[in-house]
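**Student:** Here's a sequence, model it:
(one chain, ligands or ions: 2)
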Amino acid sequence: MKALVTGGAGFIGSHIVDRLLDDGHEVTVFDDFSTGKNENLPDHDRLVVIEGDIRDYDALLNNMVGVEHVFHQAAIASVPKTIDDPIGSNAVNYQGTLHVLEAARNSGVQKVVFASSAAVYGDEPTLPKVETMLPVTLSPYAVDKLASEHACRIYHQLYGLETVCLRYFNVFGPRQDPSSPYSGVISIFADRLDQGLTPTVYGDGEQTRDYIFVSDVVEANMKAIANSAATGEVFNIATGNKTTLNQLLKTMCDLKGVDVAADYQQMRQGDIKDSYANVDKAAALLEWKADIELNQGLQNLFQQ
Ligand code: NAD
Ligand code: UD1
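**Tutor:** Ligands and ions are numbered 1, 2, ... in the order given. Alright, predicted model coming up:
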């Protein structure tokens, strides 16, 4: 199989690339390296790395020749960044998706798997979050992800391009970059604990998240390609377990053998209070379920 991974030099995308190479496929990474890094990628004779921007339709089209499957991971992944720049982030997170879909359609790509997000659910109070809920988005990030899901659906319905949308919950694992205050919280906390610095908790720390280890997310992407029942569908990709931020920090401190008090600050704008998933649909149609519990995933991460 020949696959193209947009955002393949980033945290999740680079793990998808590793898995595709391990499985014997030819892989093209298409990434503008805005947050992605070359060092996330191996030197490999079946890997081609293109520095390109998903806002550039022609560049995408040129690089999709002969590609069967596209894993569309490229995005501005930080919710606060999209609040600071809703127009700029729409150009990447929504219009960029349209470019990927249109280039895929015009290149004869068979299937596009799209990295959507639990953020689409926003503040809808039903818990756990289930795919049939009506989303109540809280940020430009969530609006663009939801609009992208709709674009995937209509490309399937109108043009017959096979699409699958995976709503990742809070993904963690090796290569998640802690360097920005907007990075994933586990990477930031791990970094601060290692440096002996006080972690900041936004809000009272009682917000819940469903943290999923990156190898489980990679497996969900593989199932999305392999499983025809998944086509045209949207799935929660999560463990089904909820953890408060205070519990997360305590577990991380225990595993690292340190004892620190957090610095509590005002809750962030656009922040979701509670987020954890119903994962029945993924089990039934995608034939996928997460294997790695939070504790095990944290141990894997700390052993790197
Ligand atoms: P990341 O920032 O590590 O990866 C995103 C990649 O996209 C980077 O390599 C970046 O350089 C690239 N990129 C950004 N803008 C681009 C553009 N205009 N053109 C080409 N490449 C571009 O983030 P991640 O955590 O690996 O996220 C991957 C995907 O998963 C994103 O779509 C994100 O929204 C989604 N997601 C992530 C999480 C999470 O918890 N990390 C949860 C839900 C959804
Ligand atoms: C994350 C992803 C987003 C994804 C969503 C799906 C990142 C950067 N964001 O957003 O792409 O779509 O999950 O659920 O990967 N926090 C602190 N202190 C910190 C950092 C964060 O208290 O130093 C808090 C945040 O305010 C939030 C929680 O921790 O309440 C999680 O934050 P974060 O890891 O940024 O994830 P989400 O905003 O949930």
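
**Student:** how many neighbours does residue 212 have?
**Tutor:** Per other Cβ atoms under 10 Å, the neighbour tally for residue 212 reads 28. Glycine gets a C-beta too; all of them are placed from N, C-alpha and C.

**Student:** and if you look at residue 96?
**Tutor:** Residue 96: 27 neighbours (other Cβ under 10 Å).

**Student:** That one: what's its closest spatial neighbour, skipping adjacent residues?
**Tutor:** residue 54 (3.6 Å; Cβ to Cβ, 6 or more residues apart in numbering).

**Student:** Correct me if wrong: the one you found contacts residue 8.
**Tutor:** No. Using Cβ atoms under 8 Å, residue 54 is not in contact with residue 8, being 11.6 Å away.

**Student:** neighbour-wise, which of those two wins?
**Tutor:** More neighbours surround residue 8 than the other of residue 54 and residue 8, with 29 against 25 (other Cβ under 10 Å).

**Student:** Assess the claim that the more buried one and residue 32 are in contact.
**Tutor:** No. Residue 8 lies out of contact with residue 32 (Cβ under 8 Å); the separation is 11.1 Å.

**Student:** for the residue nearest to residue 96, what are its contacts?
**Tutor:** 6, 30, 32, 60, 74, 92, 96-97, 99-100 (Cβ atoms under 8 Å, 6 or more residues apart in numbering).

**Student:** Okay, and it sits in which element?
**Tutor:** Assigned by DSSP states H and E, residue 54 belongs to neither a helix nor a strand.

**Student:** same check, this time on residue 27
**Tutor:** Assigned by DSSP H and E, residue 27 falls in strand 26-31.

**Student:** need the residues of the stretch 151-300 of the chain near ligand 1, please.
**Tutor:** Counting by Cβ under 6 Å from any ligand atom, the stretch 151-300 of the chain comes close to ligand 1 at 168, 170-171, 184.

**Student:** Where is pLDDT lowest across these?
**Tutor:** Least confident of those in the model: residue 184, at 92.

**Student:** out of everything not next to it in sequence, what's closest to that residue?
**Tutor:** Nearest non-adjacent residue to residue 184 (Cβ to Cβ, 6+ apart): residue 176, at 5.0 Å.

**Student:** Tell me if that neighbour really is in a helix.
**Tutor:** No. Read with DSSP: H, G, I helix; E, B strand; the rest coil, residue 176 is coil and lies in no helix.

**Student:** any idea how far residue 159 is from it?
**Tutor:** 35 Å (Cβ to Cβ, to the nearest Å).

**Student:** quick one: which of these two has more around it?
**Tutor:** More crowded of residue 176 and residue 159, by other Cβ under 10 Å: residue 176, with 21 against 13.

**Student:** The most far-flung residue of the chain relative to its centre - nearest residue in space that isn't next to it in sequence?
**Tutor:** Relative to the centre of the chain, the most outlying C-alpha is that of residue 259, 30.6 Å out, by Cα atoms, centre = their mean. The shortest distance from residue 259 to any non-neighbouring residue, by Cβ to Cβ, 6+ apart, is to residue 253 (6.1 Å).
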